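*Asks:* could you look at this predicted model? Sequence included:
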Amino acid sequence: MIGSTFWFFSLSVLAVTCLLINSAGSQKIQSVACEGSEAQLKCGKDEVISVSRATYGRLDRNTCSSGRPNRQLKNIKCSRSSEKVAESMTEPECISQKDSALACEGRVAKLRCGKGEVISVSGATYGRRDQKTCSIRRPEGQLKNTQCSMSSDKVAKSCNGRRWCNFKASNSVFGDPCVGTYKYLEVEYTCEVPERRLQNTTAVVCEGKVAKLRCGKGEGIYVSRATYGRRDQKTCSTGRPEGQLKNTQCSSSSDKVAKRCNGRRACKLKATNSVFGDPCVGTYKYLEVDYLCYATVTG
């Protein structure tokens, strides 16, 4: 009866620890999904997933707790291991899809990736390699030299690690590899999920103060959770009357921090009712943000 009671009333959590394995070695990474949600395990180009551990249940009160009643969180000694995640990864496919961008001379090349992805440029050439590309309304004399192109790392330096990037195809940017020839810019790139660190950082700021999220050089912020309200009587309690601290069942999740800060190296956001609304009038609140610093793609 104890087992059946737990699975019926408790809000469960799936926690997966796996290795991203490539020729250079392996890196441990953890994925957590709340009950009813999907755990997403992703790896980069030339990497495969190897699941070392997967548990389903609850080991603490904080994980996947937003908006849940206390009775669904109090049993923290309920979890079981499972091999089902590992079994589903026996033939992983983690291959980055190649994209390309083309811009005729004087135009702008537009590189775009989806949400949570960043650009990794594999090659960029400026010049002319055939007579058809960017040939409309151009005299034959500007198209006949097809042995004129040069590679450049300028696009990679400007665009790598960003979700989107615009780059102008012009002689002033790349130089002129063939004077008198009408040229074009060709860019090959992939959209990759940036590698994240295992370390989760928590920033806490009292109502009326400013939360400061910071990552190191070459890193970007990824907010995994942000709540505004009060979940205990100790945090941000100095100099506050008891009446402003007693309501500890008052917090609301918000995606405003993620929308503002994700992908940036540093970010500031004020913890106020005007920004997040007031989940409990009369209670002195605080903003709590969990975030990761991931290494942005550099080449």
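*Replies:* That came in fine, so what should we check first?
*Asks:* which of the three states applies to the residue nearest the centre of the chain?
*Replies:* In the chain, the C-alpha nearest the mean C-alpha coordinate belongs to G116, at 4.2 Å (CA atoms, centre = their mean). Assigned state for G116: coil (three-state reduction, DSSP: H, G, I helix; E, B strand; the rest coil).
*Asks:* correct me, but it touches V193?
*Replies:* Yes: at 6.2 Å, G116 counts as touching V193 under the criterion of CB atoms under 8 Å. From N, CA and C alone the C-beta is placed, and that goes for glycine too.
*Asks:* from Y291, how far out is N200?
*Replies:* Distance check for N200 against Y291: by CB to CB, to the nearest Å, it reads 7 Å.
*Asks:* just for the stretch 1-150 of the chain, where's the confidence low?
*Replies:* For the stretch 1-150 of the chain, the stretches flagged by pLDDT under 70 are 1-29, 42-52, 79, 81-97.
*Asks:* please enumerate the helices of it.
*Replies:* 2-9, 84-88 (DSSP state H, counting those that start in this stretch).
*Asks:* excluding its backbone neighbours, what's nearest G175?
*Replies:* Leaving aside its chain neighbours, G175 sits nearest to M150 (7.3 Å; criterion: CB to CB, 6 or more residues apart in numbering).
*Asks:* tell me which residues touch the one you found, please.
*Replies:* T125, Y126, G127, F174, G175, P177 (CB atoms under 8 Å, 6 or more residues apart in numbering).
*Asks:* which neighbours do N200 and Y291 have in common?
*Replies:* S224.
*Asks:* ok, these two, which is more surrounded?
*Replies:* Just comparing N200 and Y291: by other CB atoms under 10 Å the higher neighbour count belongs to Y291, 23 against 15.
*Asks:* tell me which helix or strand that one sits in.
*Replies:* strand 286-295 (DSSP states H and E).
*Asks:* list the buried residues for that strand?
*Replies:* For strand 286-295, a neighbour-count test (16 or more other CB atoms under 10 Å) marks Y286, L287, E288, V289, D290, Y291, L292, C293, Y294 as buried.
*Asks:* for it, name the packing helices and strands.
*Replies:* strand 195-196, strand 201-206, strand 210-214, strand 219-230, helix 256-261 (3 or more CB pairs under 8 Å, 6 or more residues apart in numbering; DSSP states H and E).
*Asks:* let's go with 10 Å and repeat that
*Replies:* Contacts defined by 3 or more CB pairs under 10 Å, 6 or more residues apart in numbering; DSSP states H and E place strand 286-295 against strand 195-196, strand 201-206, strand 210-214, strand 219-230, strand 250-253, helix 256-261, strand 266-270.
*Asks:* thought K77 was touching R61?
*Replies:* No: here K77 lies out of contact with R61, judged by CB atoms under 10 Å, at a distance of 11.6 Å.
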